[in-house]
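> have a look; sequence and predicted model below, questions after that.
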Amino acid sequence: MKKLITLVILATTLLTVTAVMAEEKEMDHAAKLAEMDGKAIFKNVCKSCHAEDADAGEYTPMTLIMEQWDEFFQDLYVDSHKEVACPKDETKMLTDVLTKDALKKVQKFCVDHAADSEQPMTCG
Ligand code: HEC
């Protein structure tokens, strides 16, 4: 009987530790994104699917003009990305991982460095 109790306690502890670790990993990911600037988010997230020769098409800030980026973030993004999984964690959808704040930062980065901006830029 004692053995069984010990076993149950052990199993519960293990499960709790695993759950806590999983939660921390998740927070890490969101916290990391929250700390990144627009350029880093573009590099880490968008570029995973939009590098050179990508199936989804190559996109860098200077692929589009400012107006097109604003239009993209206002209308197109949700539609074209709603069924896209997060490249870092495929159990999550991209639109759930990227918060409004994070999106705003990427939008600013793209607009600031669009083809018709003062400093056109690829994301490096
Ligand atoms: C997991 C992959 C993935 C990630 C991450 C991703 N995209 Fe996309 N993107 C796609 C796919 C798929 C399409 C649709 C391509 C098509 O229809 O041919 C697309 C389309 C686009 C288009 C073309 C316009 C449109 O709406 O169809 C732009 C611009 C774009 N993405 C920018 C971005 C930006 C900026 C980010 C980062 C915030 C991003 N993408 C992140 C997969 C991704």
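Good, I have the coordinates. Residues are numbered from 1 along each chain as shown.

> from here on, contacts and neighbour counts on C-alpha atoms
OK.

> so who does residue 70 touch?
Applying Cα atoms under 8 Å, 6 or more residues apart in numbering, we find residue 70 in contact with 107, 111.

> ok, residue 33 next?
Contacts were defined as Cα under 8 Å, 6+ apart; by that measure residue 33 touches 41, 98, 102.

> can you tell me the element it falls in?
For residue 33, the enclosing helix or strand under DSSP states H and E is helix 2-35.

> so what pLDDT did the one residue in the chain that gets nearest to the ligand get?
Of the chain, the residue with the smallest distance to the ligand, taken as Cα to the nearest ligand atom, is residue 46 at 3.5 Å. Looking at residue 46, its pLDDT stands at 94.

> same check, this time on residue 36
The score at residue 36 is 93. That number is its pLDDT.

> cool, residue 14 as well?
Residue 14 is assigned 71 on the pLDDT scale.

> and for residue 10?
Looking at residue 10, the pLDDT reads 75.

> and it, how many neighbours?
Neighbour count for residue 10, taken as other Cα atoms under 10 Å: 12.

> likewise for residue 11?
12.

> give the contact list for it.
If you count contacts by Cα under 8 Å, 6+ apart, residue 11 has none.

> how near is it to residue 40?
According to Cα to Cα, to the nearest Å, residue 11 and residue 40 sit 40 Å apart.
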